[in-house]
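*Asks:* Any chance you could fold what I've pasted below:
(4 chains)
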Number of protein chains: 2
Amino acid sequence: MPSTSQRPSTPGRRERKKAETRAAIANAALELFLERGFEDVGIREIAGHADVAVATVFAHFPSKEALVFDDDAAVVASLVTAVVERPAGSPVLDALEHWFRTSARNRRHGDQEFTRFRDLVDRTPALHDYWQGLWRNHRTTLAHAVADSSDTDLARAELLATLVVEGYLLATEHDDTTATLDLLFRTLRGGLPAAG
Amino acid sequence: MPSTSQRPSTPGRRERKKAETRAAIANAALELFLERGFEDVGIREIAGHADVAVATVFAHFPSKEALVFDDDAAVVASLVTAVVERPAGSPVLDALEHWFRTSARNRRHGDQEFTRFRDLVDRTPALHDYWQGLWRNHRTTLAHAVADSSDTDLARAELLATLVVEGYLLATEHDDTTATLDLLFRTLRGGLPAAG
DNA sequence: CCATAAAAGCAGAACGGTTCTGTTTTTACA
DNA sequence: TGTAAAAACAGAACCGTTCTGCTTTTATGG
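*Replies:* Just a heads-up that it's a prediction; the model follows:
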């Protein structure tokens, strides 16, 4: 029994090594991307830096873009938690509004590491598109969380998830993120302001 | 002056030939795709069938997917017309609702040619994604049409365009398209039905 | 009619992300 | 300790896309 004790939660050596390989790849990739830009770093070079075969890269990540969003799952998890564990009796929409407003604020006032990351994504069309695609894929997860944790039926929940996520994506493309979010949630609560 | 008279609207030989080349490529591509599927037809084969160099294909179309949506511009044009030339004094939202409901209906009850086309797109993830991307790109055009033809400011118009287009895309992914559109436009007019 | 320049097209190589083939190493477990 | 599954490997192959350098076609004005 080694002194560096394995907690019961620790998975076996195989899974641990697999996770290490995965992390080595993602780290190598992000470092190179931040240094020289997404387009100017090739998969073969990343594999080299991570000391891994090209096929191994694609055994862990579905595409070059995915290398950048390794911990995306945590973001959705956070959102789902915010929805499911919102104060009892409070409307889902309030929980969504709070989470997305906080997220938008963090985008603007994050630490330097996050800012560098966000700049990389924003200045690389392929990454920006991929990021939006990730959010769009999460709509289904979000919709189920909404439907399960409220008396909203799934069809309504899907529409709600769609409108909120797309409004958020639109807001992140505007200078005045807050104004767009204001407009979005006002519309969702009371309909569009009259327009002739 | 040849007997096959050129109307004044007819452009010169150069532009005409260019359009013919373009059409030859798009026709060859669509025919092959419908026969054997999008993924199982290569660019080199399409170029061969259109009797054209590979580089010529990409001089006319930005990607393989674009070959399929050659007349997409006409669709947006129709939508913009519907918005701009709506009955004087009637709300933009009514015009949008009418157009998108009609479009959804046509998707379901089109002629055989259109149905084959729609099936190709629906069963090919790359094409389905590309089609959605086209719509998302059109949001800006639509937003400007809305802003210019009503007293809606651009920020509101962009949000409106986003919500309508995304609601439409969601609706086309559901069996009951109409129900989703009902829900969408009801929400846009009066806000979400209360959900605890 | 001709000179000339721009546009369109061409052949084929090159590029880069991704997949495939066939093999070897590592881990788990009985 | 033997065995089977999982993980990783080297390197070729695949295919959409771009690049290079060239030829052909069209438009135009002297």
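*Asks:* Quick check: the gap between the residue nearest the centre of chain A and A:G133.
*Replies:* In chain A, the centroid-proximal residue (CA atoms, centre = their mean) is A:D72; its distance is 4.0 Å. A:D72 sits 11 Å away from A:G133, going by CB to CB, to the nearest Å. Placement of C-beta: from N, CA and C, glycine included.
*Asks:* and if you look at A:T187?
*Replies:* From A:T187 to A:G133 the distance is 24 Å (CB to CB).
*Asks:* Of these two, which one has the most company?
*Replies:* Between A:T187 and A:G133, A:T187 has the larger neighbour count (other CB atoms under 10 Å in any protein chain shown), namely 22 against 15.
*Asks:* need the residues of chain A near DNA strand D, please.
*Replies:* For chain A, the contact set with DNA strand D under CB under 7 Å from any atom of the strand comprises A:14-15, A:17-18, A:21, A:51-56, A:59-60.
*Asks:* Skipping adjacent residues, who's closest to A:V84 in space?
*Replies:* A:S149 (4.7 Å; CB to CB, 6 or more residues apart in numbering or on different chains).
*Asks:* In this model A:A82 seems to touch that neighbour, though I could be wrong.
*Replies:* No. The criterion here is CB atoms under 8 Å, and A:S149 misses it with A:A82 at 10.5 Å.
*Asks:* so where is chain A shaky, pLDDT-wise?
*Replies:* Scanning chain A with the threshold set as pLDDT under 70 gives A:1-10, A:194-196.
*Asks:* List, one by one, the residues from it near DNA strand C.
*Replies:* So chain A meets DNA strand C at A:12-15, A:17, A:39, A:41-44, A:54-55, A:58, A:62-65 (CB under 7 Å from any atom of the strand).
*Asks:* okay, now the domains of chain A?
*Replies:* Following automatic domain parsing, chain A resolves into domains at A:10-62, A:71-190.
*Asks:* Distance across the last one, terminal residue to terminal residue?
*Replies:* Between the opening and closing residues of domain A:71-190 lies a distance of 36 Å (CA to CA, to the nearest Å).
*Asks:* How far does it sit from its chain's centre?
*Replies:* How far domain A:71-190 lies from its chain's middle: 9 Å, per CA atoms, centre = their mean, to the nearest Å.
*Asks:* Give me whichever of the domains of chain A is most buried.
*Replies:* Highest mean neighbour count of the domains of chain A: domain A:71-190, a mean of 17 (counted as mean count of other CB atoms under 10 Å in any protein chain shown).
*Asks:* Where does A:H174 sit: helix, strand or coil?
*Replies:* Recorded secondary structure, A:H174: coil (DSSP: H, G, I helix; E, B strand; the rest coil).
*Asks:* ok, it - contacts?
*Replies:* Shown in contact with A:H174 (CB atoms under 8 Å, 6 or more residues apart in numbering or on different chains): A:180, B:155.
*Asks:* Show the contacting residues for A:P193.
*Replies:* Here A:P193 is in contact with A:186-187, B:156 (CB under 8 Å, 6+ apart).
*Asks:* Flag every residue of chain A that's near chain B.
*Replies:* Applying CB under 8 Å from any CB of the partner chain, one finds that chain A approaches chain B through A:89, A:91-93, A:150-152, A:155-156, A:158-160, A:162-163, A:166-167, A:170, A:174, A:176, A:179-180, A:183-184, A:187-196.
*Asks:* can you tell me which of those residues are in helices?
*Replies:* Among these, the members found in helices (DSSP state H) are A:92-93, A:155-156, A:158-160, A:162-163, A:166-167, A:170, A:179-180, A:183-184, A:187-190.
*Asks:* Does A:L181 touch A:A104 like I think?
*Replies:* Yes. Using CB under 8 Å, A:L181 makes contact with A:A104 at a distance of 6.3 Å.
*Asks:* Now do the shared contacts for those two.
*Replies:* Common neighbours of A:L181 and A:A104 (CB under 8 Å, 6+ apart) are A:168, A:171.
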